[in-house]
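>>> task: produce atomic coordinates for the following.
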Amino acid sequence: MSIYVGNLAYEITEEDLNGVFAEYGTVKRVHLPTDRETGRMRGFGFVEMEDEANEEAAITALDGAEWQGRQLKVNKARPRENKGSFGGGGRRNYRL
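Residues are numbered from 1 along each chain as shown. Below you'll find the model as predicted:
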């Protein structure tokens, strides 16, 4: 199970996020995706905790909380959608 954390300040580090979530239990992993072109953080991240009860407690406590001047959006992460290799739309049949 993974937790989605949105509306993060771009300066946040994995250690910062780990510290916030560690208050609710053992953090197994923190991932902050970066932009491929700029290398800059994208403003959201994912946190995996050891126990689902701790994840629920963290989500309840932190969703909507203000941190680093921003209001956090915290919820259960949804599985990544497979959008195909061409970025959307399906195969189309066109008549020439």
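
>>> Ala58: what secondary structure?
For Ala58, the assignment made with DSSP: H, G, I helix; E, B strand; the rest coil gives helix.

>>> just Phe21 next, same as before
Quick answer, by three-state DSSP: Phe21 is helix.

>>> where do the helices sit along this structure?
Ranges of helices within the chain are 14-22, 52-62, based on DSSP state H.

>>> can you tell me how far Ala77 sits from Glu11?
Distance of Ala77 to Glu11, given as C-beta to C-beta, to the nearest Å: 22 Å. All C-beta atoms are positioned from the backbone trio N, CA, C, and that covers glycine.

>>> and those two? Which one has more around it.
With neighbours defined as other C-beta atoms under 10 Å, Ala77 and Glu11 compare such that Ala77 has more, 15 against 8.

>>> could you pull out the strands for the chain?
For the chain, the strands defined by DSSP state E occupy 3-6, 27-31, 44-49, 66-67, 70-71, 73-76.

>>> can you list contacts of stretch 32-52?
Stretch 32-52 has contacts (C-beta atoms under 8 Å, 6 or more residues apart in numbering) with 1-14, 17-18, 21, 24-31, 55, 58, 77.

>>> write a ChimeraX command that selects only the buried members of those residues.
What follows is the ChimeraX syntax selecting those of those that are buried according to 16 or more other C-beta atoms under 10 Å:
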select :2,3,5,8,12,17,21,24,25,27,30,55,58
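
>>> about what we covered before: rebuild the helices of the chain as TSV, extending it with mean pLDDT and distance to Arg42.
TSV is the format used below for the helices of the chain (pLDDT from 0 to 100; distance: least, C-beta to C-beta, whole Å):
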stretch	mean pLDDT	distance to Arg42
helix 14-22	97	13
helix 52-62	97	19
